[in-house]
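A.B. asks: okay, sequence plus prediction incoming.
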Amino acid sequence: MRAGPFWAWAATVCLCTGLAQAQETNETEKLKQQLEETQRRFEQQQREMRESFERLMREQQSQIDALKKRLETHSTNAPPAEESARATPSQTPASAPVERPWSPTEPIRIGTAQAYMGISFDSLFAVGGMSKPNEVQLYEPGGHDPNRNGFTVQNLETVFDGKVDPYFRAQANIVLQLTPDSETTIEVEEAWLETMSLPWNLQFKAGQYLTQFGRLNTQHPHTWDFVDEPLVNARFLGPDGLRNPGIQLSWLIPTPFYSELFFSVQNSAGETAYSFDDTHGGDFFLGRQDAATGGIDSMSDLLYSARYTASFDLSDENTVLLGGSGAFGPNSSGADMRTRIYGVDLFYKWKSRNQSVGFPFITWQSEWMYRRYQAGAFQFDGDGDGIPDISLPAETLCDWGFYTQGSYGFTPRWVVSLRGDYLNGGMGAAVPTVDNDRQWRISPALTWYPSEFSKIRIQYNYDRFETLGPAWGIWMQLEFLLGSHAAHRF
Amino acid sequence: MRSALYRLGVGTCLALLVCAAHAKLNVVATLPDFGSIAQDIGGDQVKVTSIARGTEDPHFVDAKPSYIRVLNQADVLIEGGADLEVGWLPPLVNSARNAKILAEAPGHVVLSHRVALLEVPMGQVDRSMGDVHPFGNPHYWLDPFNGRIIAETLAERFSQLDPPNAAVYAANLKEFDKRLDRKMEDWTKLLEPYRGTKVVTYHKSYEYFLARFGLSLAGTVEPKPGVEPSPSYINGLIPRAKEAKVRLVLIEPFRARKTPAYVADAAGATLLVLPQSVGGNEKVKDYIGLIDYDVAQIAAALKESK
């Protein structure tokens, strides 16, 4: 690069020398000396450049050799060679890791870079039986609970998650299930996007999502501590949980502790709004059939819900998370009939400050819910003789229920748990029905996690229904998780 | 009245601006080791909070909601990267609603990006290999040279985020490097006689430390990363350790002592509980102190067992 100016200069010098032939010899001599001097300098510069280039090459070669050596030691799984310590004491930051092209045999999500998608597949199977084989689905009302004596495919869930762009994060949970008749069903459990950096601590979520109500409702079955769903969740929020398309706004409140407020508006129709505008497929619900009140006529026909939650670190090792929720919307028992559900929940966790693979720990989780169901007047003439066989007045049905459960991870990978369920039944119901019956259940369970990606669980249930009587069941559960599954919230 | 209110408003705004200009950088580090170096580099100009404790398993920290609030107010988030915190950090960042610490924002520092990681798997990654990290072994901070890289990265990033104090960060970095260099000489001298000594560790937590100081790994108590040892595996490990003349069994403070103690006893080695993080025991108060303590422990144990 330096040659250009040099040659130009040299040419000028030559030209000058030619023109100045007549001049005195000592001047020619001087010019000659200058020329030689310049040439010498030029050669030296070239030499230096070549040397520095070669040095660079040598350094790079030695780095490549060192890396090769390291690779060899890894492929043979041998301990790192002693000289590797001496070979890499470069004190400058190493260059960024080498980018490798992705191949289909590698995990989909490489790196935490945006626009990549995490894909995982989670399977939950149950096997076991209960003392009343024909009433399994009455005693196990949850949509992902064991549904028959023998084997049940509880939940085959494919999860896609990732950043959409610099503004949104999204997740979709597509669930496959087998009915007791081995028919495959598909369910869009969730499919939503969420903002990442709105001002004023706000966050929007839109799409199909599980309503922020209590603790368990937003959790997917594979994270539960038991084989089946708590009774109160199944009865009040529905076998498949409370979820529908809608939009949610949440605000992280600037308090010294964590506290957050959620507001959500969702459709109130369908089987995933169970205590609300669900037609229940024409079946009886709390003694009545769907009154065919029609679609959404006004804003009040939507499902509104709110939740406040706060968390405190009682000490280094003890944390509590408290919450209060409410859901409000129309129901299907008559015009202008409405349902309100209120809930309070508590989660406490102790985790040792010396935890290894997350153990030991103790958790205690409880949710209490209260439902106020305005039921319309209902008459049913089954035999068509003009005289109603069933005649129910308009009434307000109030019931409540709770579950409380504790888990103790006593040694790495082993957890023992105990849960109690209680439903008080329909106070003031004109006709007691199975779906507002008093019921309780006690369930001890033992879980072994071979790794974070699999578990084997055994659970015993002792159930008592006021009208159906006592029953017991023993269930085993197996889970496996493939792929890259996003970490869970506390 | 109106103008008084206006003046009050302007005054408050100005006061807030002045406060903001003088506010310290609010730095949140995932591990206390990164927090300690951040404190050394940031000095009085930063306020540092570390999420994980030095006594616990860094892969299995709880995503406690209180950290959402901490991250919500952070100017800088320092994470180890290489999937070290993948089990608990993402949900916290997603809930924090803080644009400053989102991925790719200048306030989000991923330290592993500049470190040459060991044990980067070349073939297919498969979970039958245990918790193999596709990016390589993420326990790199126990090599003081990587500590130096961490310090450089942080000084650079702090200067970028807080240019008026760039000179302070540069000076602190110089001071940190000087202290580290001085110590490095001592450490190398102290462990020089034991170069090539064979050790067994529980998890692959000490790879970088061993490589730096010329100790050599002859096996791990867990058969694969994150996998609990079975009795038959342990019965196979002991003769191998004996044959290799293993002199130390190193475990992190949070591991159960029983199995590693048994291995050490049977193989004629010394069991050493070696903090892998700042705060791993009450004597280990900062990053240089951590390496200092670990080097001294190993040298003492090897001297004694000679």
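C.D. replies: That came through fine.

A.B. asks: quick one, what contacts whatever residue of the stretch 351-490 of chain A ends up closest to chain B?
C.D. replies: In the stretch 351-490 of chain A, the residue that lies nearest chain B is A:G358 (3.7 Å; CB to the nearest CB). Where C-beta positions appear, they are placed from N, C-alpha and C, glycine not excepted. Counting by CB atoms under 8 Å, 6 or more residues apart in numbering or on different chains, A:G358 makes contact with A:K351, A:G409, A:P412, B:D57, B:F60, B:D62.

A.B. asks: mind redoing it with 7 Å?
C.D. replies: A:G358 sits next to B:F60 when contact means CB atoms under 7 Å, 6 or more residues apart in numbering or on different chains.

A.B. asks: and if you look at the one 4 residues further on?
C.D. replies: For A:I362, the residues meeting the contact criterion (CB under 7 Å, 6+ apart) are A:W350, A:Y408.

A.B. asks: wait, is it part of a strand?
C.D. replies: Yes: checked against DSSP: H, G, I helix; E, B strand; the rest coil, A:I362 lies within a strand.

A.B. asks: max-length strand in chain A?
C.D. replies: If you go by DSSP state E, chain A has its longest strand at strand A:338-356.

A.B. asks: that strand close to chain B?
C.D. replies: Yes: Strand A:338-356 lies within reach of chain B by CB under 7 Å from any CB of the partner chain, at A:K351, A:R353, A:N354, A:Q355, A:S356.

A.B. asks: tell me the buried residues within these.
C.D. replies: Buried residues within those, counting neighbours by 16 or more other CB atoms under 10 Å in any protein chain shown: A:K351, A:N354, A:Q355, A:S356.

A.B. asks: let's have those in a markdown table, adding pLDDT and distance to B:R157.
C.D. replies: Formatted as a markdown table, these follow (pLDDT from 0 to 100; distance: CB to CB, whole Å):
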| residue | pLDDT | distance to B:R157 |
| --- | --- | --- |
| A:K351 | 96 | 31 |
| A:N354 | 93 | 32 |
| A:Q355 | 94 | 30 |
| A:S356 | 92 | 32 |
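
A.B. asks: quick check: residues of the stretch 301-450 of chain A near chain B?
C.D. replies: A:311, A:313, A:319, A:321, A:351, A:353-358, A:412-413.

A.B. asks: show me where the stretch 201-306 of chain B has strands.
C.D. replies: Here the stretch 201-306 of chain B has its strands, by DSSP state E, counting those that start in this stretch, at B:216-220, B:248-251, B:270-273.

A.B. asks: how far out from the middle of the chain is whichever helix or strand B:R148 is part of?
C.D. replies: Using DSSP states H and E, B:R148 maps to helix B:144-161. Taking CA atoms, centre = their mean, to the nearest Å, one finds the center of helix B:144-161 at 14 Å from the center of the full chain.

A.B. asks: is it positioned near chain A?
C.D. replies: Yes: counting by CB under 7 Å from any CB, contacts between helix B:144-161 and chain A involve B:F145, B:R148, B:I149, B:E152.

A.B. asks: report the two of the residues you listed separated the most.
C.D. replies: The span of the residues of helix B:144-161 next to chain A, defined through CB to CB, is set by B:F145 and B:E152 at 10.8 Å.

A.B. asks: using the three-state scheme, assign A:N217.
C.D. replies: With three-state DSSP as the criterion, A:N217 reads helix.

A.B. asks: could you do the one 5 residues further on as well?
C.D. replies: With three-state DSSP as the basis, the three-state label of A:H222 is helix.

A.B. asks: so which residues make contact with stretch B:42-51?
C.D. replies: Residues from elsewhere that reach stretch B:42-51 (CB under 7 Å, 6+ apart): B:24-32, B:35, B:38-39, B:61, B:67, B:70, B:158, B:162, B:165, B:168-169, B:172.

A.B. asks: and the closest residue to A:V232 other than its chain neighbours, what does it touch?
C.D. replies: Take A:V232 and drop its neighbours on the chain: the residue closest to it by CB to CB, 6 or more residues apart in numbering or on different chains is A:G401, 3.6 Å away. Shown in contact with A:G401 (CB under 7 Å, 6+ apart): A:L231, A:V232, A:R235, A:M369, A:Y422, A:L423, A:N424.

A.B. asks: circling back: how about the strands of the stretch 201-306 of chain B, which one is nearest chain A?
C.D. replies: Per CB to the nearest CB, nearest to chain A of those: strand B:216-220, 4.2 Å.

A.B. asks: show me what that closest one is packed up against.
C.D. replies: Applying 3 or more CB pairs under 7 Å, 6 or more residues apart in numbering or on different chains; DSSP states H and E, one finds that strand B:216-220 makes contact with strand B:198-201, helix B:231-243.

A.B. asks: please name the bridge partners of A:D345.
C.D. replies: Applying DSSP bridges to A:D345 gives these bridge partners: A:G323, A:E367.

A.B. asks: now it: how far from B:T201?
C.D. replies: Here A:D345 is placed at a distance of 42 Å from B:T201 (CB to CB, to the nearest Å).

A.B. asks: tell me which of the two has more neighbours.
C.D. replies: B:T201 (27 against 22; other CB atoms under 10 Å in any protein chain shown).

A.B. asks: tell me the pLDDT of residue 219.
C.D. replies: No chain specified, so I'll use chain A. Looking at A:Q219, its pLDDT is 95.

A.B. asks: think we crossed wires, I meant chain B
C.D. replies: Looking at B:G219, the pLDDT reads 95.

A.B. asks: cool, A:T25 as well?
C.D. replies: pLDDT, A:T25: 56.
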